[in-house]
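Engineer: sequence and predicted structure below; questions after.
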Amino acid sequence: MANLSTDSPLVFQAKKLVSEILQEDPKLELEKHKILKNYYLSSQKEKIIWSRIS
């Protein structure tokens, strides 16, 4: 977890890079983004879907 008081430049840099990647390849289909896509998909498997909990 980032500390915004000390890490804000790093957080904004990361946000900018993510935006650039998604503008170039919104579905992360390019070979150079394969690792990012796999990481994202594996992290979503463990995510709790709160809207399904009643």
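Structural biologist: Okay, I see it. Since this is a predicted model, take the numbers as computed values, not measurements.
Engineer: next secondary structure after the lengthiest helix in the chain?
Structural biologist: Taking residue count as the measure and DSSP state H as the definition, the longest helix of the chain comes out as helix 4-24. Sequence-wise, the next helix or strand downstream of helix 4-24 (DSSP states H and E) is helix 34-45.
Engineer: before we move on, the earlier item: now the longest helix of the chain and helix 34-45, what's the angle there?
Structural biologist: Helix 4-24 and helix 34-45 are oriented at 110 degrees to each other (axes from the mean of the first three to the mean of the last three CA atoms, to 10 degrees).
Engineer: need the residues that contact helix 4-24.
Structural biologist: The set of residues that contact helix 4-24 without belonging to it, under CB atoms under 8 Å, 6 or more residues apart in numbering, is 2, 28, 30, 33, 36. Quick note: C-beta positions are derived from backbone N, CA and C, even for glycine.
Engineer: mean confidence (pLDDT) on that helix, please.
Structural biologist: Helix 4-24 shows a mean pLDDT of 93.
Engineer: hmm, back to that, dump the contacts of helix 4-24 into JSON lines; add neighbour count as well.
Structural biologist: As requested, these are exported to JSON lines (neighbours: other CB atoms under 10 Å):
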{"residue": "2", "neighbour count": "10"}
{"residue": "28", "neighbour count": "18"}
{"residue": "30", "neighbour count": "12"}
{"residue": "33", "neighbour count": "16"}
{"residue": "36", "neighbour count": "15"}
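Engineer: okay if I get those as JSON lines plus distance to residue 42?
Structural biologist: Formatted as JSON lines, these follow (distance: CB to CB, whole Å):
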{"residue": "2", "distance to residue 42": "21"}
{"residue": "28", "distance to residue 42": "13"}
{"residue": "30", "distance to residue 42": "19"}
{"residue": "33", "distance to residue 42": "15"}
{"residue": "36", "distance to residue 42": "11"}
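Engineer: those: which two are farthest apart?
Structural biologist: Distance extremes for the contacts of helix 4-24: the farthest pair is 2 and 30 at 27.1 Å, using CB to CB.
Engineer: tell me how far residue 45 lies from residue 35.
Structural biologist: With the distance defined as CB to CB, to the nearest Å, residue 45 ends up 16 Å from residue 35.
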